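Trainee: After the sequence you'll find the predicted model.
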Amino acid sequence: MRCEPPNDSGSVRPTLYRRIFGSPENAPNNLAGAAIILAFGVGLLASLALPDLLLEVWQLILPVVTLVFGFVIGRNTKN
């Protein structure tokens with residue numbers, strides 16, 4: 001059994017949330033990046049599966065992407 005020093009939260013092992021999204025300070029930006037990648041992935045797969053509905057698919061995907069970009073830019077802007 002290996003003994004590890006505690007992290008910032010006092011626990012020995014990082015939680016699953018910290019492993020996936022990083023520290024609490026960076027988690028919203030990492031989650032936003034994951035949402036953008038997921039949206040583009042879904043859009044690409046839907047475009048390949050439904051070529052007749054190409055315009056409608058991207059009309060649904062692009063507002064999500066711009067919303068996430070707006071969140072990231074707005075979050076990083078200081079008053």
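Mentor: All right, it came through fine.
Trainee: State the mean pLDDT of whichever strand or helix holds L60.
Mentor: Using DSSP states H and E, L60 maps to helix 54-76. Helix 54-76 shows a mean pLDDT of 87.
Trainee: What are the contacting residues of it?
Mentor: Contacts with helix 54-76, where a contact means C-beta atoms under 8 Å, 6 or more residues apart in numbering, come from 28-29, 32, 35-36, 39-40, 42-43, 46-47, 50. C-beta here means a position set from N, CA and C on the backbone, and glycine is covered the same way.
Trainee: do stretch 34-50 as well
Mentor: Contacts of stretch 34-50 (C-beta under 8 Å, 6+ apart): 21, 53-54, 57-58, 61-62, 64-65, 68-69.
Trainee: could you redo the last one with a cut-off of 10 Å?
Mentor: Applying C-beta atoms under 10 Å, 6 or more residues apart in numbering, the contact partners of stretch 34-50 are 20-21, 53-58, 60-69, 71-72.
Trainee: Any of these buried? List them.
Mentor: Buried residues within these, counting neighbours by 16 or more other C-beta atoms under 10 Å: 21, 57, 61, 64, 68, 72.
Trainee: Now distance to R13 too, for these, in TSV please.
Mentor: Listed next are these as TSV, based on distance: C-beta to C-beta, whole Å:
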residue	distance to R13
F21	16
V57	41
I61	37
V64	34
V68	30
V72	29
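Trainee: Out of these, which two sit at the greatest distance?
Mentor: The distance between the two most remote of the buried ones among the contacts of stretch 34-50 (C-beta to C-beta) is 27.6 Å, for F21 and V57.
Trainee: circling back to that earlier point, now, which of the contacts of helix 54-76 lie within helices?
Mentor: Mapping the contacts of helix 54-76 onto helices (DSSP state H) picks out 28-29, 32, 35-36, 39-40, 42-43, 46-47.
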